[in-house]
Every structure is written in structure tokens, then in C-alpha cells.
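>>> build me a model:
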Amino acid sequence: MGTKDKPLVWLHGEVKTPPLSQVARIEAGFLLRRLQEGENLGLPHSRPMPSIGPRCHELRINDQSVTWRIVYRVDPDAIVILEVFKKSTTKTPLPVIDVCKRRLRMYDDE
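Below you'll find the model as predicted:
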């Protein structure tokens, strides 16, 4: 990691094999590394999640018959990982949105 790269701050979840396939884990790592280097990712890899908060996004990782999501926020000094989950519907489930908001409040209050 370079001196200007942002660290990943994991509030919840992890990217490991299993449950992700090795290919999906490598893709997730590659995309997270690009975020650490300051790159702004857009569709199809990432989409904004204003329902969670400002600077919040959702990475999309397609894995065989499963789609994974990594919810994150881009802070000036870090990439904050809020949740890693298997997505089975077109909309992000409300409980996932609520838990991400709660984790951000707790993180920001510390």
C-alpha cells in the first residue's frame, strides 16, 4: 500500500473463500484496491447509495449463481466497509440499509 492509499476500515463482514468463490474474492480485492488508490468507481461495478448516507456506495460482485454486495463509504482518510451480503432481490433490503446507517452513526460517534 502506497503512502497516499486509504486504509480499509471493516465495520462488518469479510471477503473470503468460502462463501465467495476464489474468482469473486479476487475481483472484490481488485475493486477495493482501486478504491484505496482514490479511484471513483461507477456502474457496473459500483452505484451510489444515498439512502444510507453521503459518500456511500455498493460494490457489485457477480459470483457464479450468486450476487454479492459490499456497502462502503468513502471518507477523506479511509474506505469504511459497512456490510458484505448476498443479494437476491433487485432492491437492497431495508434491514441492510438500517444496519449500515446504525454502524455509520456508531463509527462517526467514536
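>>> and the strands in the protein, which stretches?
8-10, 46-48, 56-63, 66-74, 79-87 (DSSP state E).
>>> looking at these, which is closest to Gly38?
strand 66-74 (9.0 Å; CB to CB). C-beta: built from backbone N, CA, C; applies to glycine.
>>> buried sites along that closest one?
Trp68, Arg69, Ile70, Val71, Tyr72, Arg73, Val74 (16 or more other CB atoms under 10 Å).
>>> and for stretch 50-59?
Of the residues in stretch 50-59, those buried (16+ other CB under 10 Å) are Ile52, Cys56, His57, Glu58, Leu59.
>>> again with stretch 13-32
Buried positions in stretch 13-32, judged by neighbour count with 16+ other CB under 10 Å: Val15, Leu20, Ala24, Arg25, Glu27, Ala28, Leu31, Leu32.
>>> so which of those residues are in helices?
Counting by DSSP state H, the members of those that fall within helices are Ala24, Arg25, Glu27, Ala28, Leu31, Leu32.
>>> which one of those residues is nearest to Leu41?
Within those, the smallest distance to Leu41 is 6.5 Å, found for Leu31 (CB to CB).
>>> hang on, Arg60 packs against Val66?
No. In terms of CB atoms under 8 Å, Arg60 does not count as a neighbour of Val66; the distance is 11.7 Å.
>>> coming back round to it: which two in the buried residues of stretch 50-59 are spaced the farthest apart?
Checking the buried residues of stretch 50-59 with CB to CB, the most distant pair is Ile52 and Leu59, at 13.2 Å.
>>> name the residues contacting each of the two.
Common neighbours of Ile52 and Leu59, using CB atoms under 8 Å, 6 or more residues apart in numbering, are Val71.
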